[in-house]
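Asks: Below is the structure, and that's it, no one-letter string:
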């Protein structure tokens, strides 16, 4: 047998043996297993990731709360629900291939009934699910304490709602502008501080409109919230405010600072009564000026301090 023939036969034998090895059932099973081993982990990781996000979605989901006119608390704003956007969360985590709670994507769900859908009614608090507290500072006197209070609020980056008497604004335009310049919300506290429940509809509207006019002329801001002096009001008062597009605001926690309590007494009166959505009434007094910093630091351990207008929004509070 010559050399060329021997080489040819050897090549044919090797080829035949290779074909047999590749085509036999053991080899086919082995290759199939290899393919499965290389593809299953990725699919399994993706399935586990999606499952973990779904489990988180069930854990964090909260339904929205509709605005209502409560039998006790009267007009109460709604509060957005929240849920996890599963698809966006999955896409965000897919590249890393693992679940990370801080990468979850949330979205807020609006309620079906909003504050503006309800009939005129006073508001005593924000939604009881909202971890907010708001300061209502009624101003008709007490000029000597306003600067100190503004300094404390600024130091702690707090915005309050200053409810201004129209007559006071007319006589103290620079101080009114200073409050507005600090970014505080401005409310309407009537023009002459009357007992609002004794006024006719026409007289009540005039008190509110005249105050809005002077506040807007002095500060460039038109108030949307009306705080009746001494909390005295009736249905006519509320309807008068609503007729010019304003909400009537009362409070749930009173400092009673006009009685000149010690700072310790004021703090002990207020802090235990705090709750979600609380509206805290105060005035520019020596007691409040001296208590304000401690009051802020105590409140911020549990709540976020925001102006009343922000507290009444349906947006969720994010700490």
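Replies: Great, that's in hand. Given the structure is predicted, the values throughout are model-derived calculations rather than measurements.
Asks: Name the spans of the stretch 1-150 of the chain whose pLDDT lies under the cut-off.
Replies: For the stretch 1-150 of the chain, the stretches flagged by pLDDT under 70 are 1-46.
Asks: could you pull out the helices for the stretch 1-150 of the chain?
Replies: 3-23, 25-60, 86-94, 143-155 (DSSP state H, counting those that start in this stretch).
Asks: and the nearest residue to residue 295 once chain neighbours are set aside, how many neighbours?
Replies: The shortest distance from residue 295 to any non-neighbouring residue, by C-beta to C-beta, 6 or more residues apart in numbering, is to residue 267 (5.9 Å). For the C-beta atoms, the positions are set from N, CA and C on the backbone; glycine is no exception. For residue 267, the neighbour count with other C-beta atoms under 10 Å is 19.
Asks: Checking residue 267 next. Helix, strand or coil?
Replies: For residue 267, the secondary structure call by DSSP: H, G, I helix; E, B strand; the rest coil comes out as helix.
Asks: Against residue 288, how distant is it?
Replies: Plainly put, residue 267 is 10 Å away from residue 288 if you go by C-beta to C-beta, to the nearest Å.
Asks: cool, and residue 265?
Replies: Residue 265 is 12 Å from residue 288, by C-beta to C-beta.
Asks: Looking at these two, which is more packed in?
Replies: Using other C-beta under 10 Å as the criterion, residue 265 and residue 288 rank with residue 288 on top: 25 against 15.
Asks: dump the residue contacts of residue 311.
Replies: Contacts for residue 311 were tallied using C-beta atoms under 8 Å, 6 or more residues apart in numbering; they are 126, 130, 132, 133, 134, 277, 279.
Asks: ok, which pair from these is furthest apart?
Replies: Spanning the widest gap among the contacts of residue 311 are 130 and 279, at 11.6 Å by C-beta to C-beta.
Asks: The two: which is more packed in?
Replies: For residue 130 versus residue 279, neighbours defined as other C-beta under 10 Å are more numerous around residue 130 (27 against 24).
Asks: my guess is the more buried one meets residue 310, correct?
Replies: No: with contact taken as C-beta atoms under 8 Å, residue 130 and residue 310 are classed as non-touching, separated by 9.9 Å.
Asks: before we move on, the earlier item: what does the model give the residue nearest to residue 295 for pLDDT?
Replies: In this model, residue 267 is scored at 97, pLDDT.
Asks: Residue 254 versus that one, what's the distance?
Replies: Residue 267 is 13 Å from residue 254, by C-beta to C-beta.
Asks: Same question for residue 232.
Replies: According to C-beta to C-beta, residue 232 stands 14 Å off from residue 254.
Asks: Compare neighbour counts for those two and give me the winner.
Replies: Neighbour totals were compared for residue 232 and residue 254, and residue 254 leads with 17 against 14 (other C-beta under 10 Å).
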